[in-house]
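**Student:** Give the three-dimensional model of this entry:
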Amino acid sequence: MACVRHLLLLLSLLPMSMAWKPKSLFLFNKRTGEACSDHSECQSRCCVPNSPNPQAFCAAKTLFLQCVPRRKPNRDPCSDHAECRSSCCVTNSASSQTFCRPRGIFLQCTPWRRPDGARCGHHRECRSQCCIALSEVSCPRCVRRSGLLAQCLPL
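**Tutor:** Below you'll find the predicted structure:
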């Protein structure tokens, strides 16, 4: 009987939400990097999904005590800007695969562009922003801008 009283006393000290939630009995037992399914499982009280898969992991809170999902470092494959620390997910070669990439000096997110002489289909594919066919029968290629006003002119 004394054992039951001690148990009831212990339960009365816990908040109601914790007393009836089975997961809550293991509060704060997981460290940063361990798999979790709820914020209450982590020491940091921060359980966030990992971007490439739906599995969630315990993570540290930010300086402003926010719980933000893990973001990928530069050079990791990505499919959306939100997945990257730099918020910049672009192609970095002729392939269609996209990667996290650092932002430029003016904080712009510029994709990889084809060098002069490479085949192209549109001006935006070229570093020079100039894609033209050098003759009537040739494939369009990236060429550097020329002329007094740096226009996209055939050579």
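**Student:** now the strands for the protein?
**Tutor:** 35-36, 47-49, 56-58, 89-91, 98-100, 131-133, 140-142 (DSSP state E).
**Student:** So for residue 117, which of these sits nearest?
**Tutor:** Among the strands of the chain, the nearest to residue 117 by C-beta to C-beta is strand 140-142 (6.0 Å). Heads up, the C-betas are built off the backbone N, CA and C, glycines and all.
**Student:** and the most centrally placed residue in the chain, what is it in contact with?
**Tutor:** Nearest to the mean C-alpha position of the chain, by C-alpha atoms, centre = their mean, lies residue 83 at 1.3 Å. Counting by C-beta atoms under 8 Å, 6 or more residues apart in numbering, residue 83 touches 51, 71, 72, 89, 100.
**Student:** Repeat that for residue 99.
**Tutor:** 74, 75, 76, 77, 78, 89, 90, 91, 92.
**Student:** Just give me the closest of the residues you listed to residue 45.
**Tutor:** Closest to residue 45, out of all of these and judged by C-beta to C-beta, is residue 76, at 27.0 Å.
**Student:** State the phi and psi torsions of that closest one.
**Tutor:** For residue 76, the backbone dihedrals (degrees, to the nearest 10) come out as phi -80, psi 140.
**Student:** Would you map the helices across this protein?
**Tutor:** Assigned by DSSP state H, the chain shows helices spanning 2-13, 16-19.
**Student:** quick one, domains of this protein?
**Tutor:** For the chain, the structural domains run 21-70, 71-112, 113-155, going by automatic domain parsing.
**Student:** In a markdown table, list the ones you listed along with mean pLDDT.
**Tutor:** Shown next, in a markdown table, are the domains of the chain (pLDDT from 0 to 100):
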| stretch | mean pLDDT |
| --- | --- |
| domain 21-70 | 75 |
| domain 71-112 | 84 |
| domain 113-155 | 82 |
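**Student:** Skipping its backbone neighbours, what lies nearest residue 151 in space?
**Tutor:** Nearest residue to residue 151, sequence neighbours excluded (C-beta to C-beta, 6 or more residues apart in numbering): residue 145, at 6.2 Å.
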